[in-house]
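Enquirer: Give me coordinates for this.
(one chain, ligands or ions: 2)
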Amino acid sequence: MSSKFAIGIDFGTESGRAVLVDLSDGTELGEHVTPYPHGVIDEQLPGSGVKLEPDWALQHPGDYIEVLKQSVPAVIKQSGVNLADVIGIGIDFTACTMLPVDGNGEPLCFKAEWKNNPHSWVKLWKHHAAQDEANELNSIAEQRGEKFLPRYGGKISSEWMIAKIWQILNEAPEVYEHTDLFLEATDWVIFKMTGHILRNSCTAGYKSIWHKQEGYPSRAFFKALDPRLEYLTDTKLRGDIVSLGTKAGELTGEMAELMGLNPGTAVAVGNVDAHAAVPGVGVVTPGKMVMVMGTSICHMLLGTEEVHVEGMCGVVEDGIIPGYFGYEAGQSAVGDIFAWFVEQAVPAYVQEAAAQEGVSVHDWLEQRAAAYKPGATGLLALDWWNGNRSILVDTDLTGLLMGCTLQTKPEEIYRALLEATAFGTRKIIDAFQAKGVSVNELYACGGLPQKNSLLMQIYADVTNREIKVAASKQTPAVGAAMFGAVAAGKEKGGYASIVEAAQKMARVREETYKPVPEHVAVYEKLYQEYNRLHDYFGRGENQVMKRLKAIKEEVWQGN
Ligand SMILES: Nc1ncnc2c1ncn2[C@@H]1O[C@H](COP(=O)(O)OP(=O)(O)O)[C@@H](O)[C@H]1O
Ligand SMILES: O=C(CO)[C@H](O)[C@H](O)COP(=O)(O)O
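Expert: Numbers count the residues shown, from 1 in each chain. Ligands and ions are numbered 1, 2, ... in the order given. Purely as a prediction, here's the structure:
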């Protein structure tokens, strides 16, 4: 039988990326990136120029369709495969990236009467303007002793569905009123491709407080938030919730023409980027933590029971791989901290030297930082430049660097920042281990493992664990393609389960990063120091970071 193929599409923050993969061994035959024409909308609405408030981050739903229109035909062309052999499509998305739609599934922002209202647009995952609603939600949930809170590390994020919906209700009740459904963008794109509205269990579980056995929180809880929300889950959040790998439907004639595919191609239900990356690197059993390493890190892990681990983002049954409890934790800035240093804090001589050598400032600093032994800089940092997502769940915490002298060099600080993020990951691993959720092996994917080998060696040394690195640059998209192959089914040449698909298709690089015993010993001492600073500044003993923030706010408000 000839080879069969699937397409995976990863809808990121700035662009959408498609891959076409061979189902027999996961070989990538085509890859294409479509930057979103409207990018992240955080200043003014397209067309009307209506100004947005601080902390807003929107997207244009038409940009997602543009990705389907540009990137899918491009990967078909690159690979030269026969259309009849492309049997499945899967997608993954940032989340919670959500939008209001009308009774026909049409985004409200496409309609003349709503397009000038910012609340009718897609709210991107990093839209942070619903913090007041999130704070109130958390305090009401805590007062009521809601059982769901511990599943989310004790706090529901302002990035998630309920806080965002509540913000719409508070600030634009007319938009709320006219919304038939609030959908995750991943489910909306699947609806566009197939004509079927189905909610996936991953976003429902991690972002909408849905539980496989218990469903959504009670009507009484929603009523306690706001009487107008009492029937939210029966009305604007209604709909079937199905597990990952389920076939959502088949590509409609209209979309098949737009995407250059055959109508009837199987389409899997939507998924989330970090979650699709797990089978994407071949992880389908507990004990193996997948680190999706880029601007931030998402830490993904499977378990056989629901355990409440301090500060994790969520535990969801079937949330990553059906049959397991999927755990998610994270660090809200990693690559972004290195970017801050490179852009804001290196002296001109470093930039000039890097330019003369024809390397990036990151590479220049990495080369020099690699010459230092662990502990040789005398520096230690707390990696909270963008707050702390796990395990403290506190966006008001800030960064710290200590141990500087008049001799301290930029490459030493760079190294201390790399180390700080590794300590942050170690803290997350320790939190899981403390609750009996084992982390025996580490897998890395995303941009950072491809860019910085010193960083990866430091992670191996700090965690005292071997790290395997994904072979693909587009691991989430490859994982999405695997779910597309499952949706197509075995009889069509796909796979019966995501486990089988991952076993056949996932690829990791041959070389791994192994801990060096002498490094491990020194880092163990430094980690104990990191722990002391972490608890001192992060657990309330010294609230100086929050006091500084309060003073800053006062001064700004006085201006
Ligand atoms: N050589 C490098 N070493 C460490 N970090 C790097 C290097 N080059 C770029 N970065 C950081 O990598 C991040 C981008 O990672 P990537 O995985 O490509 O993006 P994203 O998380 O948006 O998918 C940026 O924060 C950037 O500062
Ligand atoms: O919350 C998340 C997954 O649950 C991700 O952080 C979010 O989707 C964006 O990730 P990235 O910027 O790395 O693409």
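
Enquirer: Contact partners for the residue in the stretch 1-150 of the chain positioned nearest to ligand 2?
Expert: The nearest approach of the stretch 1-150 of the chain to ligand 2 comes at Thr94, 3.5 Å away (C-beta to the nearest ligand atom). All C-beta spots, glycine's among them, are computed from the backbone N, C-alpha and C. Thr94 is in contact with Phe11, Gly12, Thr13, Leu124, Trp125, Ala185, Val272, Asp273, counting by C-beta atoms under 8 Å, 6 or more residues apart in numbering.

Enquirer: and if you look at Glu419?
Expert: Contacts for Glu419 (C-beta under 8 Å, 6+ apart) come out as Pro374, Leu380, Ala381, Ile458, Val462, Tyr523, Leu526.

Enquirer: Check which helix or strand the last one maps to.
Expert: The reference is to Leu526. helix 517-538 (DSSP states H and E).

Enquirer: Can you show me the CA trace of that helix as PDB?
Expert: Extracted in PDB, the C-alpha atoms of helix 517-538 (Å, rounded to 0.1, in the frame of the first residue of the first chain):
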ATOM      1  CA  PRO A 517      28.200  14.500  38.100                       C
ATOM      2  CA  GLU A 518      30.600  17.300  39.100                       C
ATOM      3  CA  HIS A 519      28.200  19.900  37.800                       C
ATOM      4  CA  VAL A 520      25.200  18.200  39.500                       C
ATOM      5  CA  ALA A 521      27.000  18.400  42.900                       C
ATOM      6  CA  VAL A 522      27.700  22.200  42.600                       C
ATOM      7  CA  TYR A 523      24.200  22.900  41.200                       C
ATOM      8  CA  GLU A 524      22.700  21.000  44.200                       C
ATOM      9  CA  LYS A 525      24.300  23.600  46.500                       C
ATOM     10  CA  LEU A 526      23.200  26.500  44.400                       C
ATOM     11  CA  TYR A 527      19.700  25.200  44.100                       C
ATOM     12  CA  GLN A 528      19.400  25.100  47.900                       C
ATOM     13  CA  GLU A 529      20.300  28.800  47.900                       C
ATOM     14  CA  TYR A 530      17.800  29.400  45.100                       C
ATOM     15  CA  ASN A 531      15.200  27.600  47.300                       C
ATOM     16  CA  ARG A 532      15.900  29.900  50.200                       C
ATOM     17  CA  LEU A 533      15.500  33.000  48.100                       C
ATOM     18  CA  HIS A 534      12.400  31.500  46.500                       C
ATOM     19  CA  ASP A 535      10.700  31.000  49.800                       C
ATOM     20  CA  TYR A 536      11.900  34.200  51.400                       C
ATOM     21  CA  PHE A 537      10.700  36.500  48.600                       C
ATOM     22  CA  GLY A 538       7.900  34.300  47.200                       C
END
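
Enquirer: how far does it sit from the chain's center?
Expert: 27 Å (C-alpha atoms, centre = their mean, to the nearest Å).

Enquirer: what's in contact with it?
Expert: Defining contact as C-beta under 8 Å, 6+ apart, one finds that helix 517-538 is touched by 373-375, 380, 382, 384, 388, 392, 394, 397, 400, 402, 419-420, 422-423, 426-427, 457-458, 461-462, 464, 541-542, 544-545.

Enquirer: likewise stretch 545-553?
Expert: Under the criterion C-beta under 8 Å, 6+ apart, residues Trp384, Asp396, Leu397, Thr398, Leu400, Phe537 lie in contact with stretch 545-553.

Enquirer: Report how many residues lie close to the fourth one.
Expert: Neighbours of Thr398 under the rule other C-beta atoms under 10 Å: 18.

Enquirer: is it true that it touches Ala381?
Expert: No - contact criterion C-beta atoms under 8 Å: Thr398 and Ala381 do not qualify, at 11.5 Å.

Enquirer: check contacts around Ala266.
Expert: Contact analysis of Ala266 by C-beta under 8 Å, 6+ apart lists Ile87, Gly88, Ile89, Lys247, Glu250, Gly484, Ala487, Ala488, Gly489, Lys492, Gly494.

Enquirer: cutoff 6 Å now
Expert: Gly88, Lys247, Ala487, Ala488 (C-beta atoms under 6 Å, 6 or more residues apart in numbering).

Enquirer: Give the helix, strand or coil label for the closest residue to Asp336 other than its chain neighbours.
Expert: Excluding the flanking residues, the one nearest Asp336 by C-beta to C-beta, 6 or more residues apart in numbering is Thr295, at 4.7 Å. When classified by DSSP: H, G, I helix; E, B strand; the rest coil, Thr295 comes out as coil.

Enquirer: Could I get the pLDDT score of the residue of the chain positioned farthest from its centre?
Expert: Largest separation from the mean C-alpha position in the chain: Leu406, at 39.3 Å (C-alpha atoms, centre = their mean). On the pLDDT scale, Leu406 is placed at 98.

Enquirer: Equivalent analysis for Met1, please.
Expert: If you check Met1, the pLDDT there is 51.

Enquirer: I figured Ile391 hits Glu310, correct?
Expert: Yes - proximity of Ile391 to Glu310 meets the contact threshold set by C-beta atoms under 6 Å, at 4.8 Å.
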